[in-house]
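1. the sequence isn't on hand, but the structure is:
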Ligand code: AQP
């Protein structure tokens with residue numbers, strides 16, 4: 001069975017961008033692949049979180065992943081820092097990666113701009129640890145959103161360099177593209193992000209979502225209800241593309257063009273359709289939150305399996321590079 005590996009950062013509340021861009025694929029792919037899914041808390045340190053907030057976020061993200069349908073009986077779900085081999089391989093691959101290649105990474109520029117007071121070296125070397133996350137499990141495929149594709153290209157480059165120097169050790173990981181590679185935030189300007197305050201949270205109630213939608217931008221040409229709109233330029237209509245069936249979408253588009261449907265009604269319809277997806281996730285999340293021992297068990301079992309796999313890879317890597325006798 002081919003293997004897939006993917007990660008999510010515990011940097012805040014999961015949102016529908018994470019859900020559509022990653023989790024939907026995670027749930028689908030656990031049926032066909034040997035899946036390793038990781039909550040990458042070491043990566044989250046680049047944002048210097050409060051210790052207790054980090055611990056809470058790790059648990060909440062794990063709950064979000066499970067509530068979205070990842071089945072711990074099928075997939076291996078674990079926390080990155082519970083498997084120390086990630087850091088060990090991260091350092092080894094740091095010595096394999098060229099500064100010039102890292103300099104081209106656009107996410108470093110975006111993340112540095114977002115936290116100018118803390119441009120730490122971890123932000124710069126982030127894609128190397130990400131490469132270690134993937135190749136430690138010798139994963140063939142990696143489902144990611146568009147924002148991560150450049151990092152995956154760098155990972156492939158690093159694998160080629162390592163294999164070229166030390167002999168075939170890791171498979172070259174292939175990107176699995178999502179059907180929603182870049183879900184925009186409620187501002188309509190930047191991608192939906194946990195840390196940009198522009199998200200529709202996966203665990204939000206219907207009322208909380210509607211309150212956010214009320215304030216969200218629509219077609220700027222529709223200042224009054226009687227103004228005719230163009231659905232294709234409206235961010236809210238884009239969300240309908242993910243959560244609303246074709247027949248209702250056609251109705252909304254026609255109503256917007258003829259000004260027979262106002263933006264608030266269009267938003268209410270979206271909130272109702274979002275609730276069809278989020279409601280059951282919220283319920284499963286509440287059940288998981290009520291049983292913390294069960295979550296501990298799932299994460300401990302996942303870490304044990306991940307450590308065993310990671311150690312097999314590291315034994316080979318250490319001998320290949322001369323840290324141990326072959
Ligand atoms: N807006 C998005 N549209 C589609 N896919 C997305 N992903 C994230 N945002 C979107 C995908 O979700 C997975 C997990 O992402 P992550 O937590 O590792 O980090 P990120 O991409 O940096 O996500 P955020 O929400 O923007 O986090 P912060 O604010 O902490 O930086 C990845 O597969 C990602 O592609």
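-> Everything's here; your move. No experiment lies behind these values; they were computed from the predicted model shown.

2. can I assume residue 256 sits in a strand?
-> No - Residue 256: not assigned to a strand; according to DSSP: H, G, I helix; E, B strand; the rest coil it is helix.

3. number of residues surrounding it?
-> By other C-beta atoms under 10 Å, the residues close to residue 256 number 26. All C-beta atoms are positioned from the backbone trio N, CA, C, and that covers glycine.

4. same question for residue 191.
-> 18.

5. could you look up the SS state of the nearest residue to it once chain neighbours are set aside?
-> Among residues not flanking residue 191 along the chain, residue 182 sits closest, at 5.4 Å (C-beta to C-beta, 6 or more residues apart in numbering). Here residue 182 is coil, with the state taken from three-state DSSP.

6. distance-wise, check residue 182 relative to residue 86.
-> 27 Å (C-beta to C-beta, to the nearest Å).

7. quick one: name the residues of the stretch 1-150 of the chain near the ligand.
-> 7, 8, 9, 11, 17, 18, 21, 22, 144, 145, 147, 148 (C-beta under 6 Å from any ligand atom).

8. ok, now which ones touch the last one?
-> Yep, that's residue 148 we're talking about. Contacts for residue 148 (C-beta atoms under 8 Å, 6 or more residues apart in numbering) come out as residue 130.

9. got the confidence number for it?
-> In this model, residue 148 is scored at 90, pLDDT.

10. mind checking what secondary structure it has?
-> Taking three-state DSSP, the label given to residue 148 is helix.

11. residue contacts, the residue of the stretch 1-150 of the chain found nearest the ligand?
-> Residue nearest to the ligand within the stretch 1-150 of the chain: residue 21 (2.0 Å; C-beta to the nearest ligand atom). Applying C-beta under 8 Å, 6+ apart, one finds that residue 21 lies in contact with 144, 145, 146, 178, 180, 181, 182, 183.

12. who's more crowded, residue 182 and residue 86?
-> Between residue 182 and residue 86, counting by other C-beta under 10 Å, residue 86 is the more crowded of the two (22 against 14).

13. tell me the buried residues in the helix or strand containing the more buried one?
-> Per DSSP states H and E, residue 86 falls inside helix 85-94. Of the residues in helix 85-94, 85, 86, 88, 89, 90, 92, 93 count as buried by neighbour count, 16 or more other C-beta atoms under 10 Å.

14. I'd guessed the fifth one sits against residue 126; true?
-> No - no contact is recorded between residue 90 and residue 126 when judged using C-beta atoms under 8 Å, the distance being 9.9 Å.

15. what about residue 196, is that helix, strand or coil?
-> Per three-state DSSP, residue 196 ends up coil.

16. okay, the angle between the helix ranked longest in the chain and helix 85-94?
-> Identified as the longest helix of the chain according to DSSP state H is helix 292-321. Here helix 292-321 points in a direction 30 degrees away from that of helix 85-94 (axes from the mean of the first three to the mean of the last three C-alpha atoms, to 10 degrees).

17. where does the stretch 151-300 of the chain come near the ligand, residue by residue?
-> Residues of the stretch 151-300 of the chain lying near the ligand (C-beta under 6 Å from any ligand atom): 180, 181, 182, 183, 191, 192, 193, 194, 195.

18. just put those in a markdown table and tack on pLDDT.
-> Listed next are those as a markdown table, based on pLDDT from 0 to 100:
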| residue | pLDDT |
| --- | --- |
| 180 | 88 |
| 181 | 84 |
| 182 | 90 |
| 183 | 94 |
| 191 | 91 |
| 192 | 94 |
| 193 | 91 |
| 194 | 86 |
| 195 | 81 |
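
19. mark which of those residues are buried, thanks.
-> The buried subset of those (16+ other C-beta under 10 Å) comprises 180, 181, 183, 191, 192, 193, 194.

20. ok, and the closest non-adjacent residue to the fifth one?
-> Read that as residue 192. Counting by C-beta to C-beta, 6+ apart, the residue nearest residue 192 is residue 17, at 3.4 Å.
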